[in-house]
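Participant: Predicted structure and sequence below. I'll ask about it afterward.
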Amino acid sequence: MTRRELLALLGAAPGIRGTLGAAPENAPTAPVSIARCRSYEEDFVSILSTMFDQIGGLERIVRNKTVTVKLNLTGSPALRFQGRPLGVTHYSHPKTVGAMAHLMGRAGARRIRFVESCWATAGPLEEYMLDSGWNVRSLVNAAPNVEFENTNALGKGKRYARFKVPGGGYVFPAYDLNHAYDETDVFVSMAKLKDHATCGVTLAMKNIFGITPASIYGDDAGVDEPNESPGKGRVETCHLGKRQPAKSAPQELDRASSREPGYRMPRITAELAAARPIHIAFIDGVETIAGGEGPWIKGIRLVKPGVLFLGTNALTTDVAATAAMGYDPRAGRGTSPFGDCDNTLILAEKLGVGTTDLNRIEIRGIPLAEATYRFEA
């Protein structure tokens with residue numbers, strides 16, 4: 001095994017990065033695979049299989065393991081852009097998810113659990129997916145032992161799990177999350193390649209902003225204890241500083257700190273990525289939207305970058321994807337896409353999640369220059 005292969009393995013192994021902290025400043029990091037994929041009619045099983053081979057293989061990560069896959073189903077299923085299917089605009093696409101499940105099952109995953117904190121409901125995730133136009137049965141049949149969990153509340157668990165932020169955090173010292181994020185060996189983020197009105201970009205790390213349960217952090221979260229029947233839409237009310245979480249959860253470090261969304265949301269995203277490390281980061285840029293994260297943002301437009309990104313370090317994967325969008329991953333506030341916000345990538349780097357230095361990130365598959373599709377109009 002070469003030194004580069006060893007470092008890639010360490011970057012993928014559950015719990016390793018949290019134990020060892022950030023890599024030395026000049027050390028190479030886990031590689032990122034980029035693939036060309038111009039249509040959802042292409043063979044995703046073949047494409048993803050090649051991408052996993054390029055970053056060291058899937059079996060070594062998931063064999064005999066429980067795998068938890070965070071989908072991106074942001075916003076109500078009723079909100080569609082120009083009447084198009086959700087998967088070609090701002091949701092995870094069912095074909096990418098089905099291919100991922102199939103490959104993980106083939107690689108020997110013991111159990112695959114799909115999770116999302118669904119918009120305005122604590123009901124079954126399967127029902128939410130059906131409302132979104134998914135063929136849930138085909139996903140169940142994609143691999144052995146497929147499960148689903150809506151992580152807006154306790155769900156099928158009996159307790160919340162507490163995740164501490166390394167170094168104490170920027171806004172919160174720790175977060176209480178659904179048991180699914182703790183009772184797992186491998187955590188996967190399946191994201192879309194998109195701009196974000198508040199965070200600049202929304203990729204693998206920003207995708208897990210929604211793992212916080214509405215029962216504790218949402219509009220109608222409990223005051224002392226979690227409200228196990230949250231029914232309102234926003235799960236980020238506490239994250240925007242409009243109220244404190246239920247008192248059973250860790251409280252804000254400084255209640256006099258900025259309430260500005262462009263200050264808070266990037267920091268909370270970085271905290272979550274550090275507290276609940278992502279072991280596989282996948283970003284779908286086949287078809288998506290530019291100018292914002294969903295149909296509720298004015299001025300969004302359809303784009304077809306025709307690319308996929310895959311890595312075992314969420315930050316380095318996001319950095320490669322940000323660069324492919326035509327942005328500088330190390331840009332500061334005031335520079336697009338971080339015009340009105342702090343840079344989540346830099347904040348995550350300071351917490352030891354990975355590096356923002358493109359010179360230290362090995363790109364495999366197609367070159368970054370060939371994958372570039374400028375999102376800024």
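Facilitator: Structure received.
Participant: from what I can see residue 352 touches residue 166, true?
Facilitator: Yes: assessed by CB atoms under 8 Å, residue 352 is found in contact with residue 166 at 5.9 Å. (Each C-beta comes from the backbone N, C-alpha and C, glycine too.)
Participant: mind listing the helices for the stretch 1-150 of the chain?
Facilitator: 3-12, 16-20, 44-54, 59-62, 94-106, 125-131, 136-140 (DSSP state H, counting those that start in this stretch).
Participant: between the fifth one and helix 44-54, how many degrees?
Facilitator: Between helix 94-106 and helix 44-54, the angle comes out at 60 degrees (axes from the mean of the first three to the mean of the last three CA atoms, to 10 degrees).
Participant: which helices and strands does helix 94-106 pack with?
Facilitator: helix 44-54, strand 66-70, strand 111-116, helix 136-140, strand 186-192, strand 280-285 (3 or more CB pairs under 8 Å, 6 or more residues apart in numbering; DSSP states H and E).
Participant: Surely residue 36 is in contact with residue 370?
Facilitator: Yes: using CB under 8 Å, residue 36 is in contact with residue 370, at 7.5 Å.
Participant: Which of these two has more residues huddled nearby?
Facilitator: residue 36 (15 against 12; other CB atoms under 10 Å).
Participant: so who does that one touch?
Facilitator: 306-307, 366, 370-371 (CB atoms under 8 Å, 6 or more residues apart in numbering).
Participant: Per-residue pLDDT of it, please?
Facilitator: Model confidence at residue 36, given as pLDDT, is 98.
Participant: That one and residue 281, how far apart?
Facilitator: 19 Å (CB to CB, to the nearest Å).
Participant: With residue 358 instead?
Facilitator: For residue 358, the distance to residue 281 - CB to CB - is 16 Å.
Participant: These two: which has the busier surroundings?
Facilitator: residue 281 (31 against 17).
Participant: right, and the more buried one touches residue 189 too?
Facilitator: Yes: the pair residue 281 and residue 189 qualifies as a contact (CB under 8 Å) at a distance of 5.3 Å.
Participant: Would you mind listing the residues touching both of those two?
Facilitator: 204-205, 314.
Participant: Who wins on neighbours among the residues you listed?
Facilitator: residue 314 (31 neighbours).
Participant: Would you convert the shared contacts of residue 281 and residue 189 into CSV that also reports pLDDT?
Facilitator: Formatted as CSV, the shared contacts of residue 281 and residue 189 follow (pLDDT from 0 to 100):
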residue, pLDDT
204, 98
205, 98
314, 98
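Participant: where do the strands sit along the stretch 101-250 of the chain?
Facilitator: 111-116, 146-150, 161-164, 174-177, 186-192, 194-196, 200-202 (DSSP state E, counting those that start in this stretch).
Participant: and of these, who's closest to residue 230?
Facilitator: strand 146-150 (10.4 Å; CB to CB).
Participant: Between helix 94-106 and the closest one, find me the angle.
Facilitator: 130 degrees.
Participant: And strand 146-150, what does it pack against?
Facilitator: Short answer (3+ CB pairs under 8 Å, 6+ apart): strand 146-150 packs on strand 111-116, helix 125-131, helix 136-140.
Participant: looking at the ones you listed, which is buried most?
Facilitator: Among these, ranked by average contacts under mean count of other CB atoms under 10 Å, first place goes to strand 111-116 (a mean of 24).
Participant: quick one: strands adjacent to that strand?
Facilitator: Take DSSP bridges as the rule and strand 111-116 pairs in its sheet with strand 66-70 (parallel), strand 146-150 (parallel).
Participant: Kindly reformat the ones you listed as a markdown table and extend each row with mean pLDDT, mean neighbour count and distance to residue 211.
Facilitator: A markdown table is the format used below for those (pLDDT from 0 to 100; neighbours: other CB atoms under 10 Å; distance: least, CB to CB, whole Å):
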| stretch | mean pLDDT | mean neighbour count | distance to residue 211 |
| --- | --- | --- | --- |
| strand 66-70 | 98 | 24 | 6 |
| strand 146-150 | 97 | 21 | 11 |
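Participant: picking that back up, want to try JSON lines for the helices and strands packed on strand 146-150, with mean pLDDT and distance to residue 338 as columns?
Facilitator: Formatted as JSON lines, the helices and strands packed on strand 146-150 follow (pLDDT from 0 to 100; distance: least, CB to CB, whole Å):
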{"stretch": "strand 111-116", "mean pLDDT": "98", "distance to residue 338": "26"}
{"stretch": "helix 125-131", "mean pLDDT": "96", "distance to residue 338": "32"}
{"stretch": "helix 136-140", "mean pLDDT": "96", "distance to residue 338": "35"}
